[in-house]
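In: Fold the following for me, if possible:
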Amino acid sequence: MALSDGVMRKAILSYLYVMIWIALSFSVIVYNKYILDRKLYNWPFPISLTMIHMAFCSSIAYLLVRVFKVVEEPASMTRDLYIRSVVPIGALYSLSLWFSNSAYIYLSVSFIQMLKALMPVSVYSIGLVFKKDTFKSDTMLNMVSISLGVAIAAYGEAKFDSWGVMLQLLAVAFEATRLVLIQILLNSKGISLNPITSLFYVAPCCLVFLSLPWMIMEYPLLRDTSSFHLDFVIFGTNSLCAFALNLAVFLLVGKTSALTMNVAGVVKDWLLIAFSWSVIKDTVTPINLFGYFIAFLGVAYYNHSKLQALKAAEAQKKAQQADEEAGRLLEEKEGEGTGKKSETQG
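Out: Numbering: from 1, shown residues only. The predicted structure follows:
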């Protein structure tokens, strides 16, 4: 009975972590859309918004890591490793956030979520380029089905904006490249960064990289806009939601798995599409839904395949450990037998 209670408690906590992550991710997406959309809050400065997020997250992460020492820095993080590994990852992250936030000005929340279904396709393709993945015909067929579904959804989009689509596709490409480079530049060296240490190292890089386009593209507009004033309630709560989302990722992945977050992401996307249609009153056409449903099936199959691969790897690891343990016991018995034989002969 105690075991059943323990299993039930673990299941309840897992669902709680999933709900917290979905709620925060949902809130950040809708909040960013509200701020950036010209018909809502009407503050179309995506670089500035991203820099505000990064400045806030950098400050909190610094306090947690250096002042309160809630999280320890990786001992193997050297200046050379930081420059060669973290800086490129920070550059890609800044571009991903910049273009992703920019897309909210031109596209609906629902259509952006449909385009984000291309993330597995992008990660797999870039993984092939960097030789982190091997080509498999069934996986490629799965990627084609996802791409086809997104293409149908795009064909049925009522307010299609080619510039917005290009921005979102670039954001997906940069984010996928960042994820692959994390595996190559950090994980392969035995360095694993949780969201807090990631922000501690990466967020300042983002600020530096974004400062140049900000000075050229947005600062002159903000300087010449006499009516502009920074609403600390709006931007403070928005930044707090963004930081809390990073903590929720840490909680969800740490207590469950990255695969759980991928599956929860599919649920979140459907909720956002429903919210976008029912509350924001974005137009969602039947062709939109049909195309995204095809992409959804492809993503679901992709997640299922990853789960099966993880289970197979775990089973192989357990079998290897069992073989090693059996070998060790056999050696101990042989050693005991040799010792007894020596005592008899003596």
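In: Remind me which helix or strand Glu325 belongs to.
Out: Using DSSP states H and E, Glu325 falls within helix 286-345.
In: by contact count, what packs against that helix?
Out: If contacts are counted by 3 or more Cβ pairs under 8 Å, 6 or more residues apart in numbering; DSSP states H and E, helix 286-345 sits against helix 109-115, helix 119-129, helix 137-155, helix 258-278. From N, CA and C alone the C-beta is placed, and that goes for glycine too.
In: now the second one: mean pLDDT?
Out: Spelled out, it's helix 119-129. For helix 119-129, the mean per-residue pLDDT is 94.
In: What are the buried residues along it?
Out: Neighbour counts over helix 119-129 (16 or more other Cβ atoms under 10 Å) mark Met119, Pro120, Val121, Ser122, Val123, Tyr124, Ser125, Ile126, Gly127, Leu128 as buried.
In: returning to that earlier point: among the helices and strands packed on helix 286-345, which is the most enclosed?
Out: Mean neighbours per residue, mean count of other Cβ atoms under 10 Å, is largest over those for helix 109-115, with a mean of 25.
In: Now do that helix, average pLDDT.
Out: Here helix 109-115 scores 95 as its mean pLDDT.
In: C-alpha coordinates for it, CSV please?
Out: Once non-C-alpha atoms are left out, helix 109-115 reads as follows in CSV (Å, rounded to 0.1, in the frame of the first residue of the first chain):
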residue,chain,number,x,y,z
VAL,A,109,-0.8,33.1,-31.8
SER,A,110,-2.5,30.0,-33.3
PHE,A,111,-0.5,30.1,-36.6
ILE,A,112,2.8,30.7,-34.7
GLN,A,113,2.1,27.5,-32.7
MET,A,114,1.4,25.6,-36.0
LEU,A,115,4.7,26.8,-37.4
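In: Restrict stretch 167-177 to CA atoms and write it as CSV.
Out: The C-alpha coordinates for stretch 167-177 follow below in CSV (Å, rounded to 0.1, in the frame of the first residue of the first chain):
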residue,chain,number,x,y,z
LEU,A,167,10.8,35.5,-39.0
GLN,A,168,9.2,32.5,-37.2
LEU,A,169,11.0,30.0,-39.5
LEU,A,170,14.3,31.7,-38.8
ALA,A,171,13.5,31.6,-35.1
VAL,A,172,12.9,27.8,-35.3
ALA,A,173,16.1,27.3,-37.3
PHE,A,174,18.2,29.3,-34.8
GLU,A,175,16.6,27.5,-31.8
ALA,A,176,17.2,24.1,-33.3
THR,A,177,20.8,25.0,-34.1
